[in-house]
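Novice: mind folding the following:
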Amino acid sequence: MGNQITIGIDLGGTRIKGVVIDAVGNVLHQTYTPTNDGEGEAWKEGIAKTVHELRQKVPIEKIAVGISAPGLPNKQNTTIAFMPGRLEGLENFVWGDYLKCSAYVLNDGVAALVAEAKTGAAKNSTNAIMITLGTGVGGALLINKQPYQGSFNKAGHIGHMVIDSNGDADVTNMPGSIEECIGNCTVEKRSKGKFTSTHELLEAYRNDDEFAKQVWLVSVKKLAIGLASASNFISPDTIVVGGGIAEANDDLFSPLNKWFDEFEWQPGGIRPQIVKAVHGDLAGAIGAACFAMSKNE
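Specialist: Numbers count the residues shown, from 1 in each chain. Take a look at the predicted model:
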C-alpha cells in the first residue's frame, strides 16, 4: 500500500465532513462545512471547498477521493444513481469529472461499516451487520470481510425491513419498517406529538415518565425483533449499532440485548455481539476514504 494518502468526504443532511487518512486508516486531518441542503446545489461547492482545503494539507499531486452519500450508487461507484427527494442534483452527478481526480461514491451506511471494519468495532469480524439509527435508519453488510452491496447496490438497507405489516409506509413504501419504529423522523408520530426528538423522549424516559418509557421500550423491542430476524438470515458474528441514537448507550443497549436474547435463535447458546460503533460522525468520511483507497490500489 506504500504511502497512500486518501481523502474521504461524508455528505450529511446538515454537515459535510472531510478527512485525510493514511494507509492504515489513521485520520491525519478533519474538517466540517455546512451542507446547505435546500439552497439549490450549494452542497456541491461545499464538497469542492472541503476537498480543496484538505488537498492543501497533503503535498501529493495524484490523490483519490471517496464520497459517502445517501442513496444508491451505480455499479461502478462513480455516482449516486438513486436518491429521490433530497440533495437536488445528486442523482447521476459524476464526482470524478467535477473534482478532476479519481473519485468513488459509496452509500453512507456502507461507508460507515467500511470504517468500522477497517479500524473500529468490526475490525475482527468476518461477517457483520451495521445499523445506523438517526433521522432515518440505514445499514450495511460485511460478508467474508468485504462490504456486500448486492445487485443494484441495494443490499444492507435493514431500516426498510418490515416489523409491523399494519404500520405506516416509510420512504420506500415499506409498511411498519424499523425506520418507522425507531427513526428520529417518526418520534413525534410515535409519541402522539408529545416529543419532537429522540433526545427529548430519552430525557423523559430517564426521568421515569411512564408514557416515554412505553414509547421508547416499544421502539427498542421492535428494533430487537428486526436485528434478530436479520441475524437469522445473515448469521453475523457482530452487530454494530451507530448513528446519533446509539449515544443513548445503556438506555438502548441494555433493553436491546435483553429482547435480542429473547427472540434470536441461538443454537448452543452462541450469539453475535451487539456493539456500539466507535467512529461517531466521522465514520462515513473514514469509510469512504478506505473504499477509495482499495479501489485505487
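Novice: give me the distance between the two termini of stretch 144-151.
Specialist: One end of stretch 144-151 sits 17 Å from the other (C-alpha to C-alpha, to the nearest Å).
Novice: gap between residue 93 and residue 81?
Specialist: From residue 93 over to residue 81 the distance is 10 Å, taken as C-beta to C-beta, to the nearest Å. (Each C-beta comes from the backbone N, C-alpha and C, glycine too.)
Novice: ok, residue 13 next?
Specialist: Counting by C-beta to C-beta - residue 13 and residue 81 are separated by 19 Å.
Novice: what's the answer for residue 218, then?
Specialist: Applying C-beta to C-beta, the value for residue 218 to residue 81 is 36 Å.
Novice: what strand or helix carries residue 286?
Specialist: With secondary structure defined by DSSP states H and E, residue 286 is part of helix 283-296.
Novice: state the mean pLDDT of that helix.
Specialist: Averaging pLDDT along helix 283-296 yields 94.
Novice: in it, what's buried?
Specialist: 283-296 (16 or more other C-beta atoms under 10 Å).
Novice: mind listing what the residue nearest to residue 29 when sequence neighbours are not counted touches?
Specialist: Of all residues not flanking residue 29 in the chain, residue 20 sits nearest, at 4.3 Å (C-beta to C-beta, 6 or more residues apart in numbering). Contact analysis of residue 20 by C-beta atoms under 8 Å, 6 or more residues apart in numbering lists 5, 6, 7, 8, 27, 28, 29, 30, 54, 57, 58, 289.
Novice: is the fourth one in a helix, a strand, or coil?
Specialist: Here residue 8 takes the strand state, with states given by DSSP: H, G, I helix; E, B strand; the rest coil.
Novice: which stretches of the protein have low pLDDT?
Specialist: Where the chain drops to pLDDT under 70, the residues are 1-3, 84-85.
Novice: so which residues of it form helices?
Specialist: 42-56, 95-99, 108-119, 178-182, 187-190, 198-206, 210-234, 250-263, 283-296 (DSSP state H).
Novice: ok, and what's touching the fifth one?
Specialist: The reference is to helix 187-190. Here helix 187-190 makes contact (C-beta under 8 Å, 6+ apart) with 168, 181, 195, 196, 197, 198, 200, 201, 215, 218, 219.
Novice: go again using 7 Å as the cut-off
Specialist: 195, 196, 197, 198, 201, 215, 219 (C-beta atoms under 7 Å, 6 or more residues apart in numbering).
Novice: same deal with the last one?
Specialist: Under the contact criterion C-beta under 7 Å, 6+ apart, helix 283-296 has outside partners 4, 6-10, 17-19, 21, 25, 27, 64-68, 102, 104, 106, 108, 111-116, 118, 242, 277, 279.
Novice: one more time with 6 Å, if that's ok
Specialist: Here helix 283-296 makes contact (C-beta atoms under 6 Å, 6 or more residues apart in numbering) with 4, 6, 8-10, 17, 19, 21, 64, 66-68, 102, 104, 106, 108, 111-112, 114-115, 118, 279.
Novice: and what of the third one?
Specialist: For helix 108-119, the external contacting residues (C-beta under 6 Å, 6+ apart) are 25, 68, 70, 122, 130, 132, 138-140, 142, 147, 240, 242, 277, 279, 283-284, 286-288, 290-291.
Novice: same check, this time on the first one
Specialist: Under the criterion C-beta under 6 Å, 6+ apart, residues 7, 9, 16, 18, 20, 31, 33, 35, 36, 37, 65, 99 lie in contact with helix 42-56.
Novice: let's see that with 8 Å instead.
Specialist: 7, 9, 11, 16, 18-20, 29, 31, 33-37, 63, 65, 67, 87, 89, 93, 98-99.
Novice: buried subset of those residues as a PyMOL selection?
Specialist: Here is the PyMOL command that picks out the buried ones among these, judged by 16+ other C-beta under 10 Å:
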select buried, resi 7+9+11+16+18+19+20+31+33+35+37+63+65+67+87+93+99
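Novice: ok, residue 276 touching residue 246?
Specialist: Yes. Counting by C-beta atoms under 8 Å, residue 276 does reach residue 246; the two are 5.3 Å apart.
Novice: and those two? Which one has more around it.
Specialist: residue 246 (19 against 16; other C-beta atoms under 10 Å).
Novice: for residue 112, see how far away the more buried one is.
Specialist: 11 Å.
Novice: now the common contact residues for those two.
Specialist: The contact sets of residue 246 and residue 112 overlap at residue 277 (C-beta under 8 Å, 6+ apart).
Novice: which one is the residue sitting nearest the centre point of the chain nearest to, not counting chain neighbours?
Specialist: By C-alpha atoms, centre = their mean, the chain has its centre lying nearest to residue 109, at 3.0 Å. Leaving aside its sequence neighbours, residue 109 sits nearest to residue 138 (C-beta to C-beta, 6+ apart; 3.4 Å).
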